[in-house]
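**Student:** with the input below, show me the fold.
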Amino acid sequence: MSRARQPPLVTGISPKEGAAWTKVTIRGENLGTGPADLIGLSICGHNCLLTAEWMSASKIVCRVGPAKDDKGEIIVTTKSGGLGTSTVSFKLLRPERIGILDQSAVWVDEMNYYDMRTDRNKGISPLSLRPSNPLGIDIDKGKIPQSDMELTFPGMSGDFTSENFSATWYLIENHAGSSFEQLKIAASNLKKQATKKNEGSLAYVKGGLSTFFEAQDALAAIHQRLESDGTERVEGSMTQRLENILNRASDTADTLFQEVLGRKDKADSTRNALNVLQRFKFLFNLPLNIERNIQKGDYDVVINDYEKAKSLFGNTEVPVFKKVYAEVETRIGALRSLLLEKLLQTPSTLHDQKRYIRYLSDLHAPGDPAWQCIYAQHKWILQLMQNCREEFISGQRVGVGALDLEGDTRLLALGRLSHTASLKRGGSLRTPRPSTWRFETPQQVQFVEKLSDVVIGQLPNFWKLWISYVNGSLFSETGEKSGQVEKSKKNARQRQNDFKKMIEEITNRLVKLIRGALLPTTLPQGELNLFGGWENKTELTGAWLTQIIHTVRACHDALSSMEIPNDLLQVIHDLLLELRVHCLMVTLLHTTEDVKRLAEKEDWVVDNEGITALPSQFEQCMVQMLQSLKEPLEIKSGEINVLQLDQVQDQAAELIVSIMKVFINCLEQLSTKTDRDIDTSHNIAMDLSSPDRFTGIQEGFSPTSEQRLLIILSNCQYLERHTFLNLADHFEKHGFTGTEKITRVSVDAVRELDRKLFESYIERRADPIAGSLEPGIYAGYFDWRDCQTPTGVRNYLKEALVNIITVHAEVRAAHTRLPPSAVHTVSLPFSSFASSFHHQLSLSQVFTVSKDLVPRVLSKIVESVADEMCRLMQCVSSFSKNGALQARLELCALRDAIAAYLNAESNASFKLALDALPQLHSGADKKLLEELLNKFKSSMQLQLTCFQPSSVQPVKR
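**Tutor:** As a prediction, the model looks like this:
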């Protein structure tokens, strides 16, 4: 019959050596399918099946018996596998037999003591080695509560060693799920075990049978002698002699064994002391173990040992235990102080704080360590914030970077923006800052960033510590309820208002420190010493304030993400509002300074429209200013629109109007500069970025004061018609209100400047022309009453016309400055004069001024000349015939030449002047007048072409 399983194989035993009755664990393969399958187990040749307990197919536990062999194999025999083999061996240690009179330096285990009477080892009752599973089948614990079992079986027990053992209870408790077949196997196992126990008991009795017989015989002999001697106590009787013998034996024994018994008593007391030390060594070693574990940081081990000692010896009355336990309490008290010191130490991580709080809670530390930690953390955060201010105020912090190359420590708003912004008119700033410029980061900016880092770095852990304190997770990671957790929640509810005040104090401290650095006027006088002290630091520009606003917003967002209530963060919202308003005002003020410096960039180079780059630079500066205000004016969640505040609207509008007026004042100052004030270095360089600029500007070119007036007048017209309207659109796009008022005030101011400059120019140009008429008329002692027949228009009128043409050329397309010979050489024949004029005009450098100024200027010049001619004609008392003809010829020639620029006033003046002359009645005189007029127009055709409207064409550059 073939076996279904392989033979048992023992591969290990632990321990590998020991005395008899040592408990060993046998490991291997195929050690049986169950307790019933195990039918044999021998170690060193001794049968150990009686003490064997089958655990699994790879594990058996048993006790080694008193085998004859000192070393041998472990052989397991099963029904399914048969006789097994072993790859390991067990060494049996045999202790030396020591008599009661022999001294020994080692501890003698008295489990198997030596019997001098029988010279045999006393056996151990098999019942003392009962298996933990008497049925030998798998245990299947039932789910019936213990209380129900006690009600069902009152007074009974499921422990098979109890006197009130109930088999039913035991089966329900341990084998409720076992099948009937398994129970049949269990019954068979019980029978086998009973048979083995009976055989063991019988063998035990048989082994001591001779002793029983000897004792029986001795007792029987004593009994017979007592009966024969009688029971009386008389001298010489057996009883008396036996008593005397026993007394002498006792005295002799005392004499013989006094020293041995003394040693025995001492050994017993030592043994008892060792037993006590062995039993209570945990307590005696605990103070030293606590010290060692504290040094290693194993606080969990210390707490567990302390809890164990407290439960065992906390209420002891034994003096030695009380003494040792008092020392334990002293060490634990020192540990509490150490942990509390570590808990309150800063800086510390949230993980460490939670860990120390749990340790202190488990050690039943007095007070509330969690709240002490929260309070200490709060004070530390406040101190960090204050130290941050002191660090910057004392000058220990050094800014990043260096001063800019021109020593300007103020970062202009437009300096951080692109110089290539697309505008309606195009063009870049004339002198953009070099790329090599670097700026020192102001101390206030560094301070706000550092302060925000402190708050963002510390407040989240502070808030999480409070949340853990509120929900009790400081004492239980799983959230299970306990007395400590409930106590923590109760304490947290009582201290909610205190913690709210802590958060308020931190946010208020943050806001006050920033106000002290940026808005000191918003602090009460008493708080300036604590939060101010920044008076000697660099004044911040709008660009740096924008960076600060960005930092404060990031700080607010970080705190909001922690779900801190909004009412605790309202002070930061208020600060942001004031910072945004402050940034707006500072940016507008600094833009005013930037606009003032624009006059230094004027190079007097005009384009086809007759304007310089100055209006474009002004518009570009304003647009860049608005772009720099984009972030401060942006409305984040929970913020309000600063431009909707009435006071802010009024202040912003007032500052913008001021900027407009500053630029207009710059134009006025440019108009009053003398030739010496003009820096020609600007005029040598050419702006190659604009195709409208000249490519052949003459080196050393400098406009005259009159030309500057015309250029500025052209710029004023461009401001009114384009720049101010464009800026109004930009202001509206960025949310500014009151743009109509700003535009109206700006236009009124530029119109007033235009009027003043126009009157100044007309005065400079019209007065010399009008003033030259009277000397020219009466040159050579000319007399209207005695003159020859007219042969043509006299030179004074031609000179006046040339001067008017010069003004026209200056306004429309004139040379920079004609030489005096071209304008004032009237002694030459007119043909030579005209040729010289043409030559000078062709050689001169031409620039373009607004053509819209031509009719406006020429009309006023003509009006002044017409008024002067009318006055002169009306002052003549009488005219001769030739004189009247000459006067009419010159009036008509002048009127016809400048007819394109006549207005109502000049027409009226010419009419009054002609009315003051005698009328022409002769046809010959009229014919002569017409011929002379045609002759004049023919000879002056080239010069008078500029007065024809059809001839006015834009000058191409």
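
**Student:** quickly list the domain ranges of the chain.
**Tutor:** 9-92, 135-182, 270-344, 584-674+703-752, 779-818+834-946 (the TED database).

**Student:** can I get those domains in CSV including mean pLDDT?
**Tutor:** Formatted as CSV, those follow (pLDDT from 0 to 100):
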stretch, mean pLDDT
domain 9-92, 90
domain 135-182, 79
domain 270-344, 85
domain 584-674+703-752, 85
domain 779-818+834-946, 79
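
**Student:** relative to residue 214, which of the ones you listed is closest?
**Tutor:** domain 9-92 (24.1 Å; Cβ to Cβ). For the C-beta atoms, the positions are set from N, CA and C on the backbone; glycine is no exception.

**Student:** quick one: terminal-to-terminal distance for that closest one?
**Tutor:** End-to-end span of domain 9-92 (Cα to Cα, to the nearest Å): 21 Å.

**Student:** go on, stretch 562-573?
**Tutor:** End-to-end distance (Cα to Cα), stretch 562-573: 16 Å.

**Student:** could we number from 6 for the rest of this?
**Tutor:** Sure, I'll start numbering at 6, so the last one becomes stretch 567-578.

**Student:** next, count neighbours for residue 804.
**Tutor:** For residue 804, the neighbour count with other Cβ atoms under 10 Å is 20.

**Student:** re earlier: what's the closest of the domains of the chain to residue 552?
**Tutor:** Of all the domains of the chain, domain 589-679+708-757 comes closest under Cβ to Cβ, at 9.1 Å.

**Student:** on that earlier part again, redo the domains of the chain as TSV? Include distance to residue 536.
**Tutor:** Converted to TSV, the domains of the chain look like this (distance: least, Cβ to Cβ, whole Å):
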stretch	distance to residue 536
domain 14-97	75
domain 140-187	69
domain 275-349	27
domain 589-679+708-757	20
domain 784-823+839-951	57
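
**Student:** surely residue 890 touches residue 935?
**Tutor:** No. Using Cβ atoms under 8 Å, residue 890 is not in contact with residue 935, being 11.4 Å away.

**Student:** who has more neighbours out of those two?
**Tutor:** More crowded of residue 890 and residue 935, by other Cβ under 10 Å: residue 890, with 23 against 12.

**Student:** show me what counts as buried in the helix or strand where residue 334 lies.
**Tutor:** Per DSSP states H and E: residue 334 is located in helix 324-349. Residues 326, 329-330, 333, 336-337, 340-341, 344-345, 347-349 are the ones in helix 324-349 that count as buried (16 or more other Cβ atoms under 10 Å).

**Student:** ok and the following helix or strand past that helix relative to helix 324-349, angle-wise?
**Tutor:** Counting by DSSP H and E, the next helix or strand C-terminal to helix 324-349 is helix 355-367. Taking axes from the mean of the first three to the mean of the last three Cα atoms, to 10 degrees, one finds helix 355-367 and helix 324-349 inclined to each other by 150 degrees.

**Student:** how about whatever helix or strand comes next after helix 355-367, which residues are buried there?
**Tutor:** Downstream of helix 355-367, the next assigned helix or strand under DSSP H and E is helix 374-398. Neighbour counts using 16+ other Cβ under 10 Å place 374-383, 385-386, 389-390, 393-394, 397-398 of helix 374-398 among the buried residues.

**Student:** ok, stretch 559-566 next?
**Tutor:** For stretch 559-566, a neighbour-count test (16+ other Cβ under 10 Å) marks 560, 561, 563, 564 as buried.

**Student:** CA atoms only for that stretch, dumped as CSV, please.
**Tutor:** Presented in CSV, the C-alpha positions along stretch 559-566 are these (Å, rounded to 0.1, in the frame of the first residue of the first chain):
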residue,chain,number,x,y,z
ALA,A,559,0.0,86.7,-2.3
CYS,A,560,0.2,86.7,1.5
HIS,A,561,-3.5,87.3,1.8
ASP,A,562,-4.3,84.5,-0.7
ALA,A,563,-2.1,82.1,1.2
LEU,A,564,-3.9,82.8,4.5
SER,A,565,-7.3,82.6,2.8
SER,A,566,-6.4,79.1,1.5
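
**Student:** now what about it, what contacts it?
**Tutor:** 457, 460, 461, 464, 465, 512, 515, 571, 574, 577, 578, 581 (Cβ atoms under 8 Å, 6 or more residues apart in numbering).

**Student:** let's see it at 10 Å
**Tutor:** Applying Cβ atoms under 10 Å, 6 or more residues apart in numbering, the contact partners of stretch 559-566 are 453-454, 456-462, 464-465, 468, 508, 511-512, 515, 519, 569, 571, 573-574, 577-578, 580-581, 641-644.

**Student:** where exactly do the helices run in the stretch 506-655 of the chain?
**Tutor:** For the stretch 506-655 of the chain, applying DSSP state H, counting those that start in this stretch gives helices covering 533-536, 547-565, 575-601, 619-633, 635-638, 651-677.

**Student:** could you check the angle the second one makes with helix 575-601?
**Tutor:** Between helix 547-565 and helix 575-601, the angle comes out at 170 degrees (the same axes, to 10 degrees).

**Student:** show me how far helix 547-565 is from its chain's centre.
**Tutor:** 11 Å (Cα atoms, centre = their mean, to the nearest Å).

**Student:** model confidence over that helix, on average?
**Tutor:** The pLDDT scores in helix 547-565 average 88.

**Student:** what do you get for the first one?
**Tutor:** Computed over helix 533-536, the mean pLDDT rounds to 80.

**Student:** would you list every one of the helices in the stretch 806-955 of the chain?
**Tutor:** With DSSP H, counting those that start in this stretch as the criterion, the stretch 806-955 of the chain has helices spanning 825-829, 835-848, 858-880, 886-902, 909-920, 928-944, 946-949.

**Student:** so which of the ones you listed is nearest residue 29?
**Tutor:** helix 858-880 (123.2 Å).

**Student:** please identify the buried residues of that closest one?
**Tutor:** 858-860, 862-878.

**Student:** please apply the same query to stretch 595-608.
**Tutor:** Buried residues in stretch 595-608 (16+ other Cβ under 10 Å): 595, 596, 597, 599, 600, 603, 604, 607, 608.

**Student:** try stretch 24-42
**Tutor:** Buried, per 16+ other Cβ under 10 Å, within stretch 24-42: 25, 27, 29, 31-33, 35-42.
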